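Asks: Sequence first, predicted coordinates after that:
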Amino acid sequence: MIVLVRASPAHVGRIATRMRDADKEECAALGMTPKGALRKSLTASVLAYTAKIDGRPEGMFGVTPGNTLEGIGHPWLLATDAAFDCARQLLTAGPGLIALMHRRFRRLENMVSAENERAIRMLGRWGFEIGDEQMMVGGVPFLRFWKEAVDVR
């Protein structure tokens, strides 16, 4: 069972050493190590959580400010295979977390490796739109993804 807790620098090393290959490749394309990417993302985030399974940190996600004047935030997720093995629980937790992000940002957008099929499927299930135009970053093809806040007035 996945338990979500506030992300902490103490979780970084445990996740980085067992990070999924797809996430490691994304980090490398952006010029970072898994540990460096987790640290940088955590430090820059206005909201960040760690997913623990059986008390062990297995994934970290959050949102960093993009263009605050336009209400844009950049969601991110870096995880181990164990976290994605609990995909059903991640899918269930996602909408609530996305709603928290939308409290701060009208639009959530970022990019994902075009080869990261599991992440792309999860993003789609969470209601993100996935672009089809690839852009090369560090020799890896990436796709943009985005989600607008639903106005419930």
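Replies: Looks like it came in fine. Residues are numbered from 1 along each chain as shown.

Asks: Residues contacting whichever strand or helix holds M60, please?
Replies: In the assignment (DSSP states H and E), M60 maps to strand 56-65. With contact meaning C-beta atoms under 8 Å, 6 or more residues apart in numbering, strand 56-65 is reached by 2, 7, 11-12, 14-15, 18, 38, 41-42, 44-52, 72-80, 82-83, 86, 90, 97, 101, 104-105, 108. The C-beta positions use only the backbone N, C-alpha and C, and glycine is treated the same way.

Asks: One more: stretch 1-12?
Replies: Against stretch 1-12 from outside (C-beta under 8 Å, 6+ apart): 35, 38-39, 42, 45, 48-55, 57-58, 60, 62, 83, 86, 89-90, 93, 97.

Asks: then that stretch to PDB, C-alphas only?
Replies: C-alpha atoms of stretch 1-12 as PDB (Å, rounded to 0.1, in the frame of the first residue of the first chain):
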ATOM      1  CA  MET A   1       0.000   0.000   0.000                       C
ATOM      2  CA  ILE A   2       1.200   3.500  -0.900                       C
ATOM      3  CA  VAL A   3       1.400   6.100   1.800                       C
ATOM      4  CA  LEU A   4       2.000   9.700   0.800                       C
ATOM      5  CA  VAL A   5       4.200  11.900   3.100                       C
ATOM      6  CA  ARG A   6       5.800  15.300   2.700                       C
ATOM      7  CA  ALA A   7       9.000  14.900   0.700                       C
ATOM      8  CA  SER A   8      12.200  15.200   2.500                       C
ATOM      9  CA  PRO A   9      15.900  15.400   1.500                       C
ATOM     10  CA  ALA A  10      16.300  12.100   3.500                       C
ATOM     11  CA  HIS A  11      14.200  10.300   0.800                       C
ATOM     12  CA  VAL A  12      16.400  11.400  -2.100                       C
END
